[in-house]
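Asker: Make a model of this:
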Amino acid sequence: MTTMTTIVPCRPAAVLWDMDGTLADTEPYWVAAEYRLVRAHGGTWSDEHAEALVGNPLDVSAHYIRQHAGIDLPVPQIVQGLLLDVVDRLREEVPWMPGATELLERLRSAGIPCALVTMSYRSLTAPVVNALPPGSFATVVSGEEVTCGKPDPEPYLTAAARLGVDPAACVAIEDSRPGTASARAAGTGVLRVQQRISLPATPGLRVVPSLEGIGLEDLQALLPPCPACPG
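Answerer: Next comes the predicted model:
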């Protein structure tokens, strides 16, 4: 008698979430903060410049603003100004991305740990995490906690190490080029949410218009199948 080996998709060991533009629709807050800061100091800004900052570490964005906006402010002052502006807005309201909180709840019910992996600072992640049910994220990796930010793999490797899981058994949820590059370099599967910025199709990634309707089976499909995996 021949025994058939069942090959099924593996459950993710963990799901690693980007925050801005993936979990919470904070990008309009950032863009508005950039315009306010630049104009307050006599500079000029554009939507094209704002688009160039999406997914970057805050210090990288601050250097870009200093270089392109025509303002003479120290980088730490630019970072602090942007942070205070966006944090104030988030304390008033967290604008969740469509389907994000529902997917988080599905993963929590399935017992799959989640990590928040963002280049935003802890002061910014706090109002977002605090607005969610306790235990939604097992760990948070923020911008000031890594030496090299996205697109370097360090943020995602750090999250996987904290959870004690193999990055290759994880799925990252991202929306930006730097974030996608970071996750791919770390070896994770990637579900990419296509938002304001048009991102080119890349082999091995799934691109979705939003997280609405996304379930565990969609994340499993991003991982390689394995024999007799409990699915």
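Asker: what helices or strands is the helix or strand that Q80 is a member of leaning on?
Answerer: Q80 is part of helix 75-92 when elements are defined by DSSP states H and E. Applying 3 or more CB pairs under 8 Å, 6 or more residues apart in numbering; DSSP states H and E, one finds that helix 75-92 contacts helix 27-40, helix 58-68, helix 122-130. Where you see a C-beta, it was placed from the backbone N, CA and C, and this is true even at glycine.
Asker: so what's G21 scoring on pLDDT?
Answerer: At G21, the pLDDT value in this model is 88.
Asker: thought it was touching D175?
Answerer: Yes. Contact criterion CB atoms under 8 Å: G21 and D175 qualify, at 4.3 Å.
Asker: check contacts around L84.
Answerer: With CB atoms under 8 Å, 6 or more residues apart in numbering as the criterion, no residue contacts L84.
Asker: do you know how far it is from R36?
Answerer: L84 is 11 Å from R36, where distance means CB to CB, to the nearest Å.
Asker: I78 too?
Answerer: I78 is 12 Å from R36, by CB to CB.
Asker: With neighbour numbers in mind, choose between those two.
Answerer: I78 (24 against 14; other CB atoms under 10 Å).
Asker: Apart from its neighbours in sequence, what residue is nearest that one?
Answerer: A62 (3.9 Å; CB to CB, 6 or more residues apart in numbering).
Asker: pretty sure that neighbour is touching L83, no?
Answerer: No. The criterion here is CB under 8 Å, and A62 misses it with L83 at 10.1 Å.
Asker: Neighbour count for the two, which is higher?
Answerer: A62 (23 against 16).
Asker: ok, that one to V190 distance?
Answerer: 27 Å.
Asker: now D88
Answerer: Taken as CB to CB, the span from D88 to V190 is 32 Å.
Asker: what about the helices in the protein?
Answerer: 27-40, 47-53, 58-68, 75-92, 100-110, 122-130, 154-163, 177-186, 216-220 (DSSP state H).
Asker: Quick one: closest of those to E144.
Answerer: Closest approach to E144 among these (CB to CB): helix 122-130, 6.8 Å.
Asker: residues of that closest one that come out buried?
Answerer: In terms of neighbour count (16 or more other CB atoms under 10 Å), helix 122-130 has its buried residues at L124, T125, P127, V128, V129.
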